[in-house]
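Enquirer: need a structure here:
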Amino acid sequence: MIKAFKDVYGEYSVHMIPCREDNYTFILEKNKCGVLIDSSLYEPVSKYLKENQIKLEAILITHHHYDHVDGIKEIADEHECRILCSQVDYERDAVPEAHDFLNEDSALKLIGLDFKVIETPGHTAGHISFYIESLDLLFCADTLFSLGCGRVFPDGSFESLFTSLQKISKLPENTIIYCAHEYTKSNFYFLSKNSLLDPLKGDEIERRLLNEQRTVPTSLKYETHLNSFLKCSTQEEFTHLRKLKDKG
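Expert: Numbering: from 1, shown residues only. Below is the predicted model of the structure:
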């Protein structure tokens with residue numbers, strides 16, 4: 001049996017499948033009908049879907065990196081469903097398996113839910129996130145992490161990532177955030193080393209990792225108070241902090 005975490009929101013469930021060293025793959029499901037958001041590793045994702053008899057209606061891709069698209073063609077063939085990625089990644093053929101593209105003008109309704117597409121470039125040029133207003137859920141992949149944010153790849157930019165984080169900060173404070181990596185502990189150590197966080201928060205994070213084995217999801221309210229990257233008020237301040245994090 002594939003190990004996964006499951007969070008319930010009324011009639012809907014979010015299944016979190018740990019993959020690789022620190023990735024999460026997400027399945028949003030209702031009555032065995034689901035939407036896959038990224039695929040970190042084909043085998044555990046495909047096996048989990050079979051074990052739990054979940055039939056996919058679509059596969060949504062946040063960005064083209066290998067740990068978000070592994071085996072998506074095979075999964076799509078198994079479920080006879082479509083793969084959707086950002087317009088940027090589609091037009092530059094960064095996700096060659098994709099059947100169509102999405103942007104902020106896209107109207108997307110799946111498994112009875114309206115998905116709002118938010119363009120969140122910065123980590124990469126083609127990064128998008130998915131917000132479900134009716135459930136107050138955000139799937140933001142590698143844009144925002146608990147106590148951190150994504151690093152900037154050559155096709156991204158610090159300016160774009162700062163703008164994307166500002167977009168996210170304007171969502172309702174009760175928004176539950178599903179990010180794609182378990183980086184909270186390392187982000188905490190960075191903030192603590194630079195005197196940016198109360199050390200007592202480290203004990204809380206250690207307890208969560210010990211008892212629940214995860215710190216995802218987080219909430220926008222929590223991140224607004226504690227995430228120094230999200231609290232940056234200027235692009236210059238953000239760029240300095242992100243480059244400092246890049247140095248280790």
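Enquirer: which strands and helices sit next to the helix or strand bottoming out on mean pLDDT in the chain?
Expert: Lowest on mean pLDDT, DSSP states H and E among the helices and strands of the chain sits helix 200-211, with a mean of 82. Counting contacts by 3 or more C-beta pairs under 8 Å, 6 or more residues apart in numbering; DSSP states H and E, helix 200-211 is packed against helix 184-193. Placement of C-beta: from N, CA and C, glycine included.
Enquirer: quick one: the helix it packs on to helix 200-211, angle?
Expert: 160 degrees (axes from the mean of the first three to the mean of the last three C-alpha atoms, to 10 degrees).
Enquirer: The residue located most distally from the centre of the chain sits in which helix or strand?
Expert: Distance from the C-alpha centroid of the chain peaks at Ser195, with 26.9 Å (C-alpha atoms, centre = their mean). Using DSSP states H and E, Ser195 is not contained in any helix or strand.
Enquirer: Angles on the backbone of it, please.
Expert: phi 60, psi 40 (degrees, to the nearest 10).
Enquirer: quick one, what contacts the residue nearest to Glu11 when sequence neighbours are not counted?
Expert: Nearest residue to Glu11, sequence neighbours excluded (C-beta to C-beta, 6 or more residues apart in numbering): Lys30, at 5.4 Å. Under the criterion of C-beta atoms under 8 Å, 6 or more residues apart in numbering, the neighbours of Lys30 are Glu11, Tyr12, Ser13, Ile111, Gly112.
Enquirer: Could you rerun that using 7 Å?
Expert: With C-beta atoms under 7 Å, 6 or more residues apart in numbering as the criterion, the residues that contact Lys30 are Glu11, Tyr12, Ile111, Gly112.
Enquirer: pLDDT score for Met16?
Expert: Listed pLDDT for Met16 reads 98.
Enquirer: so it touches Tyr24, yeah?
Expert: Yes. Taking C-beta atoms under 7 Å as the definition, Met16 is a contact partner of Tyr24 at 5.0 Å.
Enquirer: where in this structure is pLDDT low?
Expert: Within the chain, not a single segment meets pLDDT under 70.
Enquirer: In it, which residue is most central in space?
Expert: Ala141 (2.0 Å).
Enquirer: nearest spatial neighbour of it, skipping sequence neighbours?
Expert: Thr62 (3.6 Å).
Enquirer: Would you mind confirming that that neighbour is in contact with Thr124?
Expert: No. Using C-beta under 7 Å, Thr62 is not in contact with Thr124, being 9.2 Å away.
Enquirer: related to what we said a few turns ago, from Tyr222, how far out is the residue nearest to Glu11?
Expert: 26 Å (C-beta to C-beta, to the nearest Å).
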